[in-house]
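after the sequence you'll find the predicted model.
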Amino acid sequence: MEKYVVFGGNRLEGTIRVSGSKNASLPILAACLLNGQTNIIHGIPKLRDIMVMQEVLGYLGARVDWDGDAMLIDTERVEPFEISEELMRRMRASNLVLGPLLSRFGKVKVSYPGGCQIGSRPMDLHIKGLQALGAKITEKYGYITAEARELIGTEIHLDMPSVGATENIMMAAVCAKGQTVIRNAAREPEIVDLQNFLNAIGASVKGAGSDMIKINGVKYLNPGRHTVIPDRIEAGTHMIAAAITGGDVQIVNVIPEHLEPVTAKMREAGINIEVGVDSIHVRGGKRPKAVDIKTMPYPGFPTDMQPQMMALMCTAEGTSIITETVFENRYKHVAELRRMGADSRVEGQSAIVKGVERLSGACVEATDLRAGAALVLAALAAENGTVIENIMHIERGYERLDAKYSALGARIIRVHS
Ligand code: UD1
């Protein structure tokens, strides 16, 4: 099992480059199943979750090759085999094949994803959306089967703006007959990137980025080429790394607009942030002020930045109230941060964090991806050494975080035990 050993206390200084977005890459890779041709996607990060999606595509019969940072995906020979529990358990986002396989083959069977570390994460909105398009859904023995002779465009109102449900419905509707309108759609930048890829392969999708997406069904799709957007959550994590170490870091390959909710909160906490065209410069220095945070769907403060922001608040002056509204169980990092000397506790839907002057190194465990990132950040600022176990969770979503932070002056090593 791999772990990180971090010796805290060094200021991070220099320039760091953000990789392509994991959460944009995953639906785009799934969407490659739609056209049965060869697509070339640039900027895909080499992460564990991407490897799982590559395995899913390969298992379905796709040919996947890497050429530098570009992935060539040939889905001509794909067949709609069922996605096993084993693959679904390794990554919930495997469920993104539902929409494209249903669209192309009229049939798809995937194992039910079940619970995960950050909450129950049901599939009801995905299912309701596909049903509205005319699919017959059966849920039996832990599997969801969707079948349709023909998908027909319709109006779908999502009960909540689920990212995955919006993406699955968009992909299912691309070749449906007539127009599909998704209301209360998720507005995340990754949805816009999926729209751009779908349009690059000949689909007709408009409105992504707003809460209403319109998809006009097309008969044929062509092969396409696309570059995924930079990862806003990775960029946000680096912004906190700079602030929590009192560092001076230029973060490049970012779309600053995607980070506005994070930038605004960090500025409120007194952090000096300069925004360029495709870069963000963060200068830490004095101790941050405590600010309250409430996670919301985009353009609200992202739930995927809540644990990292909590790490920063653990060292802030004053008391901060952090409220998680997207996932019910996303506080596993609170107990781990307490092991590092944080004064934090969960009360109902909120965490109350009283900043301490200095965290201290401890042996902690990454319970999920962003919780793990929060521990790395806390460790960078802590006194003495910290051992972070189970970093496979961190590697699901960060490309060589140890190397990137070492290059900025951090003392972090990856060890195998
Ligand atoms: C995506 C992101 C994840 C991020 C999340 C919220 C990917 C691969 N993952 O996850 O990193 O944390 O968006 O920004 O892009 N829900 C239902 N029924 C459903 C679907 C969702 O009730 O059918 C609920 C979930 O339990 C959760 C909320 O909706 O409380 C948001 O989930 P959703 O937006 O669907 O997240 P994911 O797409 O799974």
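Great, that's in hand.

any low-confidence regions in this structure?
Residues of the chain that meet the criterion pLDDT under 70 lie in 114-121.

care to break the protein down by domain?
Here the domain parsing of the chain from automatic domain parsing is 2-19+230-416, 22-227.

mind putting these in TSV, distance to the ligand and mean neighbour count included?
From N, CA and C alone the C-beta is placed, and that goes for glycine too. Shown next, in TSV, are those (distance: least, CB to the nearest ligand atom, whole Å; neighbours: other CB atoms under 10 Å):
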stretch	distance to the ligand	mean neighbour count
domain 2-19+230-416	5	20
domain 22-227	3	20
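
now do the helices in the stretch 101-250 of the chain.
Using DSSP state H, counting those that start in this stretch, the helices of the stretch 101-250 of the chain run over 124-132, 163-173, 189-200, 232-244.

right, so of these, which gets closest to residue 357?
The closest of these to residue 357 is helix 232-244. By CB to CB, the value is 12.9 Å.

where does the residue of the chain positioned farthest from its centre fall, phi/psi-wise?
The C-alpha centroid of the chain is most remote from residue 149, which lies 33.0 Å away (CA atoms, centre = their mean). Backbone geometry at residue 149, expressed as degrees, to the nearest 10, gives phi -70, psi -40.

could you pull up the residues touching it?
The neighbours of residue 149, taking CB atoms under 8 Å, 6 or more residues apart in numbering as the test, are residue 106.

go again using 10 Å as the cut-off
Applying CB atoms under 10 Å, 6 or more residues apart in numbering, we find residue 149 in contact with 106, 107, 134, 135, 136.

now render the helices of the stretch 101-250 of the chain as JSON lines, adding distance to residue 47.
Below are the helices of the stretch 101-250 of the chain laid out as JSON lines (distance: least, CB to CB, whole Å):
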{"stretch": "helix 124-132", "distance to residue 47": "23"}
{"stretch": "helix 163-173", "distance to residue 47": "18"}
{"stretch": "helix 189-200", "distance to residue 47": "15"}
{"stretch": "helix 232-244", "distance to residue 47": "10"}
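
ok, which of the ones you listed comes nearest residue 12?
Across these, residue 12 has its closest neighbour in helix 232-244 (5.6 Å, CB to CB).

and the angle from the closest one to helix 189-200?
For helix 232-244 against helix 189-200, the angle by axes from the mean of the first three to the mean of the last three CA atoms, to 10 degrees is 150 degrees.

CA atoms of helix 232-244 as CSV?
Extracted as CSV, the C-alpha positions of helix 232-244 are listed here (Å, rounded to 0.1, in the frame of the first residue of the first chain):
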residue,chain,number,x,y,z
ARG,A,232,-10.7,23.5,-11.6
ILE,A,233,-10.6,21.4,-8.5
GLU,A,234,-6.9,20.6,-8.9
ALA,A,235,-6.3,24.3,-9.4
GLY,A,236,-8.3,25.2,-6.3
THR,A,237,-6.3,22.7,-4.3
HIS,A,238,-3.0,24.3,-5.4
MET,A,239,-4.5,27.8,-4.4
ILE,A,240,-5.0,26.5,-0.9
ALA,A,241,-1.5,24.8,-0.9
ALA,A,242,0.0,28.2,-1.6
ALA,A,243,-2.1,30.0,1.1
ILE,A,244,-1.8,27.4,3.8
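
begin at 20, not 1, for the rest of this chat.
Right, with 20 as the first residue, what we last looked at is helix 251-263.

before we move on, what SS does the most centrally placed residue in the chain have?
With distances taken as CA atoms, centre = their mean, residue 42 lies nearest the centre of the chain, 4.2 Å away. Classification of residue 42 by DSSP: H, G, I helix; E, B strand; the rest coil places it in helix.

quick one: contacts for the residue lying closest to it once chain neighbours are set aside?
Of all residues beyond its chain neighbours, the one nearest residue 42 is residue 209 (4.7 Å), with distances taken as CB to CB, 6 or more residues apart in numbering. The contact partners of residue 209, by CB under 10 Å, 6+ apart, come to 40-47, 182, 185-186, 227, 247-248, 250-251, 277, 317.

how far away is residue 66 from residue 311?
Residue 66 sits 32 Å away from residue 311, going by CB to CB, to the nearest Å.

correct me if wrong: residue 360 contacts residue 379.
Yes - contact criterion CB atoms under 10 Å: residue 360 and residue 379 qualify, at 4.5 Å.

pull up the overlap in contacts between these two.
By CB under 10 Å, 6+ apart, residue 360 and residue 379 have these common neighbours: 397, 401, 402.

wait, is residue 326 part of a helix?
Yes - under three-state DSSP, residue 326 falls within a helix.

for it, what are its contacts?
Neighbouring residues of residue 326 by CB under 10 Å, 6+ apart: 137, 256, 259, 341, 343, 349-353, 355-356, 370, 386-394, 396-397.

now do 7 Å
By CB atoms under 7 Å, 6 or more residues apart in numbering, the contact set of residue 326 is 352, 389, 390, 392, 393.

then residue 369?
Each residue near residue 369 by CB under 7 Å, 6+ apart is listed here: 340, 341, 342.

packing partners for whatever helix or strand the second one lives in?
Assigned by DSSP states H and E, residue 341 belongs to strand 338-342. Helices and strands in packing contact with strand 338-342 are listed as strand 312-313, helix 325-332, strand 369-373; criterion 3 or more CB pairs under 7 Å, 6 or more residues apart in numbering; DSSP states H and E.

I'd assumed residue 307 was in contact with residue 288.
Yes - the pair residue 288 / residue 307 is scored as a contact, 4.2 Å apart, by CB atoms under 7 Å.

mind listing the shared neighbours of those two?
Common neighbours of residue 288 and residue 307, using CB under 7 Å, 6+ apart, are residue 335.
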